[in-house]
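# My questions concern the predicted model and sequence given below.
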Amino acid sequence: MIVSPYFYQHLEQVEGYRAKAYHDTAGHMTIGIGHLIKDNEPELKTMCLSRDLALELARADVALAEAAVNSYVKVPLRQEQFDALVSFVYNIGIGAFAKSTLLRKLNNGHCCAVPDEMRKWTKQHELRSRRSAEIALYVGECTDATT
């Protein structure tokens with residue numbers, strides 16, 4: 001599966017867009033639409049990033065999250081569930097997702113447990129609204145980004 005055409009609207013809504021590098025809530029250097037600056041990208045720390053380049057970086061990062069969801073999830077998903085899980089993985093990272101109780105429960109056929117498991121990933125207060133948006137997407141509630 002791949003993300004829906006509306007996914008990037010959702011992603012920018014939950015991540016925001018920042019043209020200049022900043023430290024995210026976990027202290028990581030970040031730029032654009034939630035792109036974590038890697039050691040081999042030092043130029044990103046000092047540049048002013050266009051929205052187009054931010055979207056290009058996000059697309060590359062999303063491709064990794066898509067691949068992880070496609071690889072680790074062993075049960076069929078609806079498009080909105082896939083999109084929500086890709087957003088979730090984009091935020092928490094592939095390693096954390098691979099070891100998560102959320103994934104284990106989902107693969108054991110407990111798809112209804114996913115929203116409650118997502119709610120557990122709100123160590124920073126700022127993540128509550130993001131998780132709410134991901135949960136709404138997962139359960140198929142229409143939001144501005146998915147209409």
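Okay, I see it.
# got the buried residues for stretch 2-19?
3-4, 6-8, 10-15, 17-18 (16 or more other Cβ atoms under 10 Å). Every C-beta, even on glycine, is put in place using the N, C-alpha and C of the backbone.
# now the helices for this protein?
7-15, 51-72, 79-92, 94-98, 101-107, 114-119, 127-139 (DSSP state H).
# Return the helix or strand in this protein with minimum mean pLDDT.
helix 127-139 (a mean of 91; mean pLDDT, DSSP states H and E).
# Give me the residue at the spatial middle of the chain.
S87 (2.4 Å; Cα atoms, centre = their mean).
# That one and D52, how far apart?
21 Å (Cβ to Cβ, to the nearest Å).
# ok, now Q9?
15 Å.
# Please apply the same query to Y8.
For Y8, the distance to D52 - Cβ to Cβ - is 12 Å.
# and what of L106?
Taking Cβ to Cβ, one finds L106 at 34 Å from D52.
# So which of those two has more stuff around it?
L106 (22 against 8; other Cβ atoms under 10 Å).
# For that one, list the residues it contacts.
By Cβ atoms under 8 Å, 6 or more residues apart in numbering, L106 lies in contact with V73, V75, A113, V114.
# For the top strand by length along the chain, enumerate its sheet partners and note whether each is parallel or antiparallel.
For the chain, the strand with the greatest residue count under DSSP state E is strand 18-23. Take DSSP bridges as the rule and strand 18-23 pairs in its sheet with strand 29-32 (antiparallel).
# Would you mind getting the angle between the longest strand of the chain and helix 51-72?
60 degrees (axes from the mean of the first three to the mean of the last three Cα atoms, to 10 degrees).
# so what's I33 up against?
Counting by Cβ under 8 Å, 6+ apart, the residues that I33 touches are Y8, L11, E12, E15, G16, Y17, A54, L55, L57, A58.
# Kindly reformat those as TSV containing distance to G32 and pLDDT.
Formatted as TSV, the contacts of I33 follow (distance: Cβ to Cβ, whole Å; pLDDT from 0 to 100):
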residue	distance to G32	pLDDT
Y8	12	95
L11	11	95
E12	10	93
E15	8	91
G16	10	91
Y17	7	96
A54	3	97
L55	8	96
L57	5	97
A58	6	97
